[in-house]
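> Next input, structure requested:
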Amino acid sequence: MKKPSEEERRQTELRRKIIGLGEHSQRKSYYPQLQERIAELEQVNRALAESRDKYRSLVENVGVGIFRTGSDGPRSIIQANPAMARILGYDSVAELLSVPPLTLYPDGKGESMLLERLDQEDGVKDLKVKAMRKDGVP
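Residues are numbered from 1 along each chain as shown. From the prediction side, this is the model:
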């Protein structure tokens, strides 16, 4: 039987290091930390999904109307809950989302109040405005 040459032994050891089988493998030494980090990220993703589901459930089931407009000001409604659609007389949230928000303000004051608050703060909370229902009743 032929003994492996020094070059063959060196290549075998190099191959084991690259594949992760060698005693001093670089990949092998990071494996436990990698597994730990993956487990942490999976836990964070589960917590994020749970939080998102709780938020969605709260917004969709609360009895008051909630809506969000796009960052381009009150030019598009990007989210609304079923209570908001029902309060304004729309058959569905999708129908409400298709309506230009400016048509919801009967006197035009709602938009100006909203824009004024947006200029002063990062967001608007607890702002009460008169809104126009689908049937034209304020």
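> pLDDT (mean, whole number) over whichever strand or helix holds Gln79?
In this assignment (DSSP states H and E), Gln79 forms part of strand 77-80. Here strand 77-80 scores 91 as its mean pLDDT.
> packing partners for that strand?
strand 67-69, helix 93-97 (3 or more CB pairs under 8 Å, 6 or more residues apart in numbering; DSSP states H and E). Any C-beta I mention is one placed from the backbone N, CA and C, and that applies to glycine too.
> Mind listing what's buried along it?
Neighbour-count burial for strand 77-80 flags Ile77, Ala80 (criterion: 16 or more other CB atoms under 10 Å).
> Likewise for stretch 94-110?
For stretch 94-110, by 16+ other CB under 10 Å, it's Leu96, Leu97, Val99, Pro101, Leu104, Tyr105, Gly110.
> Tell me how far the third one lies from Met84.
So the one you mean is Val99. 11 Å (CB to CB, to the nearest Å).
> Touching both of those two, which residues are there?
Counting by CB atoms under 8 Å, 6 or more residues apart in numbering, Val99 and Met84 have no contacts in common.
> Domain boundaries for the protein, per the record?
Domain ranges of the chain: 9-59, 63-120, per automatic domain parsing.
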